[in-house]
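[1] What would the 3D arrangement of this be:
(one chain, ligands or ions: 1)
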Amino acid sequence: MSRFDYDIVIVGAGMAGASLACALDGAGYRIAMVEASPSDHDAPPGYDERVLALAHGSRRIFDQLGVWGALDAQATPIEHIHVSDRGRFGFTHLHAAEEGVAAMGYVTPARAIGQALLPRLPAIAGLEILRPATVVSVLADEDGIDVGLITGEGRRTIRARLLVAADGVRSAVRELSGIGADEHDYGHTALIANLTPAQPHGNVAYERFTETGPLALLPMTEGRMSLVYTVHTPDAEEHLALNDDEFLSRVQARFGYRLGKLRRVGKRSAYPLVMTRAQSQTATRTVLIGNAAHTLHPIGGQGFNLGLRDVATLAALLRGADVADPGNAGLLADYAARRGGDHDAIIRATDTLAKLFSNALPLISHARDAAMLAIDLLPAPRRLLARHAMGLAARVPTLRSPR
Ligand SMILES: Cc1cc2nc3c(=O)[nH]c(=O)nc-3n(C[C@H](O)[C@H](O)[C@H](O)COP(=O)(O)OP(=O)(O)OC[C@H]3O[C@@H](n4cnc5c(N)ncnc54)[C@H](O)[C@@H]3O)c2cc1C
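    Have a look, this model is predicted:
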């Protein structure tokens, strides 16, 4: 009998952890998925009211995982992206047709992603779901890693070859493994809600920069749009307390009348915006993916798209590895080398955009206008921006379809 309870332990059944489990279906590993939230919840907490822009590249990955079919009906294609600066002349347009694709990305409710991923988990060969179970200790050695859990039935330690931290921004695995994290608090909070404009959205995603931070409106099904409205954090409570008409008139004042009158706003939720980046992607027998490795400002909608590329890369390496030891140092080094460039590029671009486009200083506003006009007029930078928006700038291995 093996001294190992599992080959791989995945901590977190959020989008990153659940996608990885699907990507490893049929790879021959014994996997434990450890999820802290109570099992009588419909879904873990990340599958909430938020709405995600999934890049064209993410659709490709979900296609390869056999997940896209279950998402398609709830995903709205983004055919155009319109970026503008309130009260100034700078703007940029990106068009799917110019890039030779049907859509630059797809607007998808987080809940729908849960409905596509989570029912797949019980059918994955070799996967055992431990829920509710919280990781409280890790102890790695040359051969494997002991993972201490608190479960519904008490304390328990499981041993595996590889520990995958997909446990989100406050990753306990990251901390228990001694990996530090760099943080930047933007001082902004994102308020999200669905609303319906008087005019059809025409499958355009709008990103508009205003003195108090960026505002995005993403096209959804039934003529609705998903609003991401950033405010200075001290103003968030007041915005949440406004009645619907007052809130809509604030949004209208910032967005303008490009889509006519905005009406019928749904439930509002708030997310304080902090960028967090782990100082290393790996530790002995441990790898971080998704928000545990990097949590981004939602401007440009890159967070999960970046995390899904972590998933695709790790799954491809694990599928090609010796099943006897998926946590070997060579594989972890290879993973970190392959992902570093994409992390650097996306984190730098997102952080720069968040800071540049939340700044009302005149000099910065002029630079912003000039940059947007240049992007609009010059095909090369526009194409580069489009490839980033579509999640196609990074190299991602092709996964074979699970059985
Ligand atoms: C307002 C907003 C808009 C966004 N828009 C976009 C977008 O347009 N496009 C995009 O790509 N991304 C977007 N994102 C980012 C995206 O939502 C995240 O990147 C993604 O949800 C992260 O998933 P995850 O699985 O890494 O982490 P999480 O969803 O945080 O999952 C972590 C899981 O680990 C579990 N867990 C935590 N600690 C433990 C422990 N000790 N033991 C066991 N289990 C544990 C938790 O219960 C949870 O289920 C947005 C985010 C926000 C806030």
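[2] for H95, which residues make a bridge with it?
    H80 (DSSP bridges).
[3] Distance-wise, check it relative to the ligand.
    Relative to the ligand, H95 is positioned 19 Å away (CB to the nearest ligand atom, to the nearest Å). Any C-beta I mention is one placed from the backbone N, CA and C, and that applies to glycine too.
[4] Please read off the pLDDT at that residue from the model.
    What the model reports as pLDDT for H95 is 86.
[5] which bits of this protein sit near the ligand?
    Contact residues (CB under 6 Å from any ligand atom) of the chain with the ligand: 11-17, 34-37, 44-46, 50, 52-53, 134-135, 166-168, 172, 190, 192, 228, 271, 290-291, 298, 301-305, 307.
[6] ok, N291 touching A165?
    No - in this structure, N291 is not within contact of A165 by CB atoms under 8 Å, at 9.8 Å.
[7] what sits in contact with each of those two?
    Here N291 and A165 have S171 as joint contacts, going by CB atoms under 8 Å, 6 or more residues apart in numbering.
[8] pull the helix or strand with minimum mean pLDDT from this structure.
    helix 362-377 (a mean of 54; mean pLDDT, DSSP states H and E).
[9] D40 in helix, strand or coil?
    What DSSP: H, G, I helix; E, B strand; the rest coil gives for D40 is coil.
[10] quick one: it from A333, how far?
    D40 sits at a distance of 41 Å from A333 (criterion: CB to CB, to the nearest Å).
[11] ok now do G152, which residues does it touch?
    By CB under 8 Å, 6+ apart, the contact set of G152 is 132-133.
[12] how about 10 Å then?
    Contacts for G152 were tallied using CB atoms under 10 Å, 6 or more residues apart in numbering; they are 38-39, 130-133.
[13] Next: P200.
    P200 sits in contact with 219, 223, 259-260, where contact means CB under 10 Å, 6+ apart.
[14] R224 too?
    Contact analysis of R224 by CB under 10 Å, 6+ apart lists 51, 76, 107, 194-197, 201, 218, 264, 266.
[15] Just send those residues back as CSV, with pLDDT and neighbour count too.
    Putting these into CSV (pLDDT from 0 to 100; neighbours: other CB atoms under 10 Å) gives the following:
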residue, pLDDT, neighbour count
V51, 93, 25
T76, 96, 24
V107, 94, 25
N194, 96, 19
L195, 97, 22
T196, 97, 17
P197, 97, 21
H201, 97, 21
L218, 93, 27
R264, 92, 12
G266, 94, 15
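[16] mind checking the SS state of Q199?
    Recorded secondary structure, Q199: coil (three-state DSSP).
[17] quick one, what contacts it?
    Counting by CB under 10 Å, 6+ apart, Q199 makes contact with 223, 257-261.
[18] Excluding sequence neighbours, find me the nearest residue to the residue of the stretch 101-250 of the chain found nearest the ligand.
    Closest approach of the stretch 101-250 of the chain to the ligand (CB to the nearest ligand atom) occurs at G168, with a separation of 2.6 Å. Of all residues not flanking G168 in the chain, N291 sits nearest, at 4.7 Å (CB to CB, 6 or more residues apart in numbering).
[19] Over to P197?
    L259 (3.6 Å).
[20] Check D182 too.
    R277 (5.1 Å).
[21] What number of residues are in the vicinity of the one you found?
    Neighbours of R277 under the rule other CB atoms under 10 Å: 18.
[22] What's the separation between it and L306?
    On the measure of CB to CB, R277 and L306 end up 11 Å apart.
[23] How about A354?
    15 Å.
[24] residues touching I113, list them.
    With contact set as CB under 10 Å, 6+ apart, I113 has these partners: 14-15, 18-19, 43, 46-47, 50-52, 54, 62, 67, 70-71, 74-75, 304.
[25] what helix or strand is R348 on?
    Using DSSP states H and E, the element containing R348 is helix 329-356.
[26] Using the three-state scheme, assign the residue of the stretch 101-250 of the chain closest to the ligand.
    In three-state terms, and counting by three-state DSSP, G168 is coil.
[27] hang on, isn't it packed against A292?
    Yes - using CB atoms under 10 Å, G168 is in contact with A292, at 6.0 Å.
[28] Find the residues that touch each one of those two.
    11-12, 14, 16-17, 174, 276.
[29] Am I right that E238 is in contact with V231?
    Yes - with contact defined as CB under 10 Å, E238 and V231 form a contacting pair (8.5 Å).
[30] residues of the helix holding R348 that come out buried?
    Within helix 329-356, the residues that count as buried by 16 or more other CB atoms under 10 Å are 331-332, 335, 338-339, 342-343, 346-347, 349-351, 353-354.
[31] now do stretch 314-321
    Buried residues in stretch 314-321 (16+ other CB under 10 Å): 314-319, 321.
[32] so can I have TSV of these showing secondary structure and pLDDT?
    Below are those laid out as TSV (DSSP: H, G, I helix; E, B strand; the rest coil; pLDDT from 0 to 100):
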residue	secondary structure	pLDDT
L314	helix	98
A315	helix	98
A316	helix	97
L317	helix	97
L318	helix	97
R319	helix	96
A321	coil	88
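[33] Return the member of those nearest to the ligand.
    Of all the buried residues of stretch 314-321, the ligand sits closest to L314, with 12.7 Å by CB to the nearest ligand atom.
[34] quick one: the helices in the stretch 101-250 of the chain?
    Assigned by DSSP state H, counting those that start in this stretch, the stretch 101-250 of the chain shows helices spanning 110-117, 172-176, 236-241, 244-255.
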